[in-house]
Structures are given as structure tokens and as C-alpha cells.
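Visitor: Build me a model from this:
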Amino acid sequence: MELRHLRYFVMVAEERHFTRAAARLNMQQPPLSQQIRALEDELGFDLFKRHPKGVDLTAGGLVFLQEAQGILARVKEGSLKASRAAHGIEGQLSIGFTSSAAAHPLIPRIIRAYRERYPGVAVSLKEGSAKKLTDMSIEGGVDVGILRAPVSRHQSIEFYRLLNEEMLLTLPVGHRLLAEHDPSAKPPSISLDDLQDEQFILVRRPGAPGMYANLIKACQNAGFNPKIAFEVERMLTNVSLVAAGAGISIVPASMKDVHKESVVYCPIAHARPRLHAPITLVCRSFNQLPPLQNFIDLSRELSGRRALQRA
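Guide: From the prediction side, this is the model:
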């Protein structure tokens, strides 16, 4: 018994006439009659009572009609669900993010746009460090992680660069380097050379190795090794400690509204290499399911990149 036999039977049952049913099925009447007879032989009972004006369902035919309609409806529903899953319209997507990456306005915009475009996808959100999100991507704990710079490499994952943004020097209000600055004016550019006596607050090297290493190298190129007062887990903690007067820091420009009443964000001059903060997607390089593919495509669209550069 095949699905086509059920479709043929249901059509004849609806029309109560073989010729009209054959016309709707775009086939000849004799082959249709043969298929119904074969179905009856397989079932072991008649489905129809034939008469000059057409056919009527037998008692067995009435019961079988309900079952056949149910089977065809379930097949149709299953096909629709499978199609929606195949196109990423339904399914699940687990997104991880670091606090500093989420501070950039692009990231909530991407997540919101994805939820609006694909409401049938169940989205879960998890926060963690860049290292944790990278490990979770390898192990399948998240489908995609949003972080700053890659912290480690593995053959089973890949990174996509969304953007680079400027890093800003973060100083507490009243800092000596701001002594001649008018608070109502635009923050001044401050040379990296002027920071050799300052206490730095940085995200730990395992959490942000690329940005950490770039800052160290830039300071060394300026002729000094930075004095590191604290190493913390998250960049938001950096700014809080700067606001408390515990030191200075360098953070992505998208964080410039954090504690802005007690912190001043200044451009950095004479930094070699130039200090910047990327935003990067990390995900598995194999078996990328449609919801993830759609997220990557949407990220490319909203970041203004025709193709995402592998980082």
C-alpha cells in the first residue's frame, strides 16, 4: 500500500464517482478503478458499493476513509514541518555572548532581527567569557558564540569577523591627564607615551589574548612595560574599577556610555600597533544547521559585509 493509493481512495470517496475523481487526479478512469480494486484486494474487503450513478462507501470504507484522511493530513503536516526545519524557519538556536561584545549596538540588533524574522526558532541566550564560549562551541554547548577576538583555535570551529572598532582610553573623572580638559568639551586625544606611570586594569590574558597582547606590544613600542594593577574577567568590571579610581583601562568604543558620569573616554594617539577591538562569531565548521546558517547570513547583512571574513 502506498500513499498514492490513499489519495486515490479519498478522491473517489469525496466525488462518489470514478470518472469525476479521475478527472481531478488528471488520469484515466480505468487505471484509477484498477488501483482501487488492488487496494481492496490488499485490505480484504470492498471499500465501495458500485451502482449506475457512481459509488457509495461501505461500512469498512467509511472507517478507512477517516484513517486515510488522518494519515494524509499527518504526512502533509510532517512534510511542512520538515520543510520549515530544512529552511531554518523552525528549530532551535543557542547563542552565547561576552558582555563586551553585547555592549556593541550591532549585537542586540542582530538578535532582535533574527527573532523577528524567524519566530518559529526557539532562541536561547547564554553569557560567558570568550574562552568559555569557544569551548562550548567545540563541545556543542552553543551553536554560535559572539565574542571579541579569537582566544584559541581548533579544527572543529571557525571564526567570522563582523567588524573592528576603536579602543578608547578610560580615565576616572579628575584624572591628572584631564586637568586642563573642559568637561563640556570633546574628550582629548591622549598619547600612549603619557601612560607609562599609570596603573592598568585589563581583562585577563586567557580571556582576551589578542587585545591584551596588542596593548602590551603598543606600550613596549612606546618605550615602557605597562604596570598592571588588576586583571579581571570582564570588561564591564574594568570600567567599574576605573570609576572607583583603581586605575585606568582601555575598552572598546561601544562601551563609552558605561559609568559616563564618573569616567571619561579618550581617543588614544601614537599607538603602534593600532588598538582596536573586533567582534567575532565562533561556531562549528561542520554540520551547520539551517537556523545557524540563517543567523550567519543575517549577521553579514546587518554588519554591512557582503561576505564575512574568516578571522
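
Visitor: pLDDT of the biggest helix by length in the chain, averaged?
Guide: Ranked by residue count, the top helix of the chain under DSSP state H comes out as helix 59-86. Confidence for helix 59-86, expressed as mean pLDDT, is 91.

Visitor: Residue 116 is in what secondary structure piece?
Guide: When secondary structure is defined by DSSP states H and E, residue 116 falls within helix 106-117.

Visitor: For residue 82, the count of nearby residues, please.
Guide: Neighbour count of residue 82, defined by other CB atoms under 10 Å: 11. Placement of C-beta: from N, CA and C, glycine included.

Visitor: how far away is it from residue 290?
Guide: Counting by CB to CB, to the nearest Å, the gap from residue 82 to residue 290 is 11 Å.

Visitor: and if you look at residue 169?
Guide: Distance from residue 169 to residue 290, counting by CB to CB: 43 Å.

Visitor: Tell me which of the two has more neighbours.
Guide: Set side by side, residue 169 and residue 290 show unequal neighbour counts under other CB under 10 Å, the larger going to residue 169 at 28 against 18.

Visitor: Confirm the more buried one sits in a strand?
Guide: Yes: according to DSSP: H, G, I helix; E, B strand; the rest coil, the state of residue 169 is that of a strand.

Visitor: who touches both of residue 82 and residue 290?
Guide: By the contact definition CB atoms under 8 Å, 6 or more residues apart in numbering, residue 82 and residue 290 are jointly contacted by no residue.

Visitor: so what's the backbone phi/psi at the closest residue to residue 202 other than its chain neighbours?
Guide: The spatial neighbour of residue 202 that comes closest, neighbours along the chain excluded (CB to CB, 6 or more residues apart in numbering), is residue 231 at 5.6 Å. With angles defined as degrees, to the nearest 10, residue 231 sits at phi -120, psi 130.

Visitor: Just give me the neighbour total for residue 231.
Guide: By the criterion of other CB under 10 Å, residue 231 has 16 neighbours.

Visitor: Okay, it and residue 98: tell me how far apart.
Guide: Look at residue 231 and residue 98: by CB to CB, they are 16 Å apart.
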